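1. Starting from these lines, generate the structure:
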Amino acid sequence: MKFSIPDFTRHKAERLPIVMVTAYDHPSARFAEQAGVDVILVGDSAANVVLGLDRTNAITMNTMVVLAAAARRGAPETLLVGDLPFLTFQACDEDAVRNAGRFVAEAGCDAVKLEGGRAMARRVRAITDAGIPVIGHVGLTPQSATQLGGMRMQARTHESALALIDDARILQDAGAVAIVLEAIPAPIAAAVTTRLDIPTIGIGAGAACDGQVLVYHDLLGLGAGTPPSFVRRYAALGEATRDALAHYAADVRERRYPSADETYRMSATELAAFEQDLAARG
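-> Below you'll find the model as predicted:
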């Protein structure tokens, strides 16, 4: 049965872990659906892992809609969340609602995610009032990483940890259906989780969260560079892909590919006629 928006609260109440993974195109979303994940997030991390950009802030709404639509075609039965990119929701409620609506209308998303705490509560409420479910995101928010001092753990002090709990509660009160907690100490994530009626989805936030999310390329070993310390690699597809391509290149250069079994044939009669006519042409 397809995971739906009401299942967020049901899973919270029944202590059923929520499985979320990012995906950015048709094949990756198809594999995620076949694997039975609950939620697919078309994250703005596509800027890094798909487009090769050095920051998530560089991806546009138009690009995100294209990626989300491709993911929807690959996973028609899985709950799909579009990640609102930088400056598509921060300025005003109208921008937030319009761009959230694009994810729903143009890409077939079921919900959207946006970064930020109490300052974004009005945006969460406006989008929710427009009939679009919203997932919040606090802790390390990559779109504002420069302001936070870089891509590093947040809620390091007791004051900032208490503020994060307040942010999460405010987002819940504004109508969020779940909240992503990124890169915060496990005890803080546990405290947030126990104080909310909606589920928390952790990424680098410990095992006490109500669910977990990882970046597709990180968990499959497809990413460049060293992944964050909280990532568990479940496969080494990057190395396997590189080795397969190197094998292909070697076979082409040594004329081992294509073989006779990998070549189209024509009947002996037609081939003989072709060769006779070709010879007659000189």
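
2. Tell me which stretches of the stretch 51-200 of the chain form strands.
-> Taking DSSP state E, counting those that start in this stretch, the strands of the stretch 51-200 of the chain run over residues 79-83, 111-113, 134-139, 178-182, 200-203.

3. okay, now the domains of this structure?
-> For the chain, the structural domains run 6-235, 240-280, going by automatic domain parsing.

4. Minimum distance to Q276: which of the strands of the stretch 51-200 of the chain has it?
-> Among the strands of the stretch 51-200 of the chain, strand 79-83 comes nearest to Q276, with 59.0 Å by CB to CB. Placement of C-beta: from N, CA and C, glycine included.

5. quick one on the thing from earlier: possible to save the strands of the stretch 51-200 of the chain as CSV with mean pLDDT, distance to V50 and mean neighbour count?
-> Putting those into CSV (pLDDT from 0 to 100; distance: least, CB to CB, whole Å; neighbours: other CB atoms under 10 Å) gives the following:
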stretch, mean pLDDT, distance to V50, mean neighbour count
strand 79-83, 98, 13, 27
strand 111-113, 98, 17, 25
strand 134-139, 98, 19, 28
strand 178-182, 98, 19, 28
strand 200-203, 98, 18, 27
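
6. so which of those comes closest to I40?
-> With CB to CB as the criterion, I40 lies closest to strand 79-83 of the strands of the stretch 51-200 of the chain, at 5.2 Å.

7. Also compute the angle for the closest one relative to strand 178-182, please.
-> Strand 79-83 and strand 178-182 meet at an angle of 60 degrees, taking axes from the mean of the first three to the mean of the last three CA atoms, to 10 degrees as the criterion.

8. Give me the sheet partners of strand 79-83 and which way each runs.
-> Paired neighbours of strand 79-83 in the sheet (DSSP bridges): strand 39-42 (parallel), strand 111-113 (parallel).

9. tell me which element E239 falls in.
-> When elements are assigned from DSSP states H and E, E239 belongs to helix 237-253.

10. Distance from the chain centre to the following helix or strand past that helix, please.
-> Proceeding N to C from helix 237-253, the next assigned helix or strand is helix 268-280, under DSSP H and E. Counting by CA atoms, centre = their mean, to the nearest Å, helix 268-280 is centred 56 Å from the centre of its parent chain.

11. helices or strands next to helix 268-280 in the packing?
-> Contact analysis of helix 268-280 by 3 or more CB pairs under 8 Å, 6 or more residues apart in numbering; DSSP states H and E lists no helix or strand as a packing neighbour.

12. And the helices in the stretch 101-250 of the chain, which stretches?
-> Secondary structure of the stretch 101-250 of the chain (DSSP state H, counting those that start in this stretch): helices at 121-129, 145-148, 158-174, 186-195, 216-219, 237-253.

13. got the strands of the stretch 51-200 of the chain as CSV, with distance to R122 columns?
-> Below are those laid out as CSV (distance: least, CB to CB, whole Å):
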stretch, distance to R122
strand 79-83, 19
strand 111-113, 15
strand 134-139, 12
strand 178-182, 16
strand 200-203, 22
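
14. nearest to E275, of these?
-> strand 79-83 (55.5 Å).

15. Run through who's touching that closest one.
-> With CB atoms under 8 Å, 6 or more residues apart in numbering as the test, strand 79-83 has contacts from 2-5, 20, 29, 38-45, 64-65, 68, 71-72, 100, 103, 107-114, 135.

16. Tabulate the CA atom coordinates of that strand in CSV.
-> Extracted as CSV, the C-alpha positions of strand 79-83 are listed here (Å, rounded to 0.1, in the frame of the first residue of the first chain):
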residue,chain,number,x,y,z
LEU,A,79,4.9,9.6,-2.0
LEU,A,80,7.1,12.2,-3.7
VAL,A,81,8.4,15.4,-2.1
GLY,A,82,9.8,18.4,-4.0
ASP,A,83,12.6,20.4,-2.2
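
17. Determine the angle, from 0 to 180 degrees, between that strand and strand 134-139.
-> Taking the same axes, to 10 degrees, strand 79-83 and strand 134-139 form an angle of 50 degrees between their directions.
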